[in-house]
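Novice: got a sequence here, can you model it:
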Amino acid sequence: MDLGDFKISTQGMEVERVILIPGLENDVPVTQLALQDQQLILRALADEIPVTLAELQQNEFADTSQLMFERRGELITIYGYRVVDGNLRLG
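Specialist: Reported below is the predicted structural model:
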């Protein structure tokens with residue numbers, strides 16, 4: 001999923017929703033966004049402030065950026081999302 005598709009599909013949602021990605025055992029909040037080679041990489045770092053839907057929708061990254069998340073150094077493509085306990089779980 002690219003950032004533009006994500007923005008379109010989440011229009012009108014509550015912008016306070018926290019963005020989650022799958023961890024090794026549980027979902028973890030995204031705390032960092034980084035652009036690398038046309039990929040928007042979402043990372044979860046300990047003791048950082050979680051990224052909200054508003055921050056992901058209003059960033060300055062290109063809408064054509066592919067959404068990816070990093071887990072243990074491996075980049076994993078994000079294909080969609082679902083609402084879980086009022087937050088958005090990407091996967």
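Novice: need the helices for this structure, in chain order.
Specialist: Applying DSSP state H to the chain gives helices spanning 3-9, 53-57.
Novice: so which of those is nearest residue 89?
Specialist: Distances from residue 89 to each of those were compared using CB to CB; the shortest belongs to helix 53-57, at 12.0 Å. From N, CA and C alone the C-beta is placed, and that goes for glycine too.
Novice: which residues in this structure form strands?
Specialist: Assignment of strands within the chain using DSSP state E yields the ranges 19-22, 27-29, 32-36, 39-43, 66-71, 74-77, 81-84, 87-90.
Novice: now distance to residue 17 and mean neighbour count too, for the helices of the chain, in CSV please.
Specialist: Shown next, in CSV, are the helices of the chain (distance: least, CB to CB, whole Å; neighbours: other CB atoms under 10 Å):
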stretch, distance to residue 17, mean neighbour count
helix 3-9, 12, 15
helix 53-57, 4, 17
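Novice: closest one to residue 64 among those helices?
Specialist: Each of the helices of the chain was checked against residue 64 via CB to CB, and the shortest separation belongs to helix 3-9, namely 6.4 Å.
Novice: averaged pLDDT, that closest one. What do you get?
Specialist: Taken as a whole, helix 3-9 has an average pLDDT of 97.
Novice: cool, stretch 19-35 as well?
Specialist: Per-residue pLDDT values across stretch 19-35 average out to 96.
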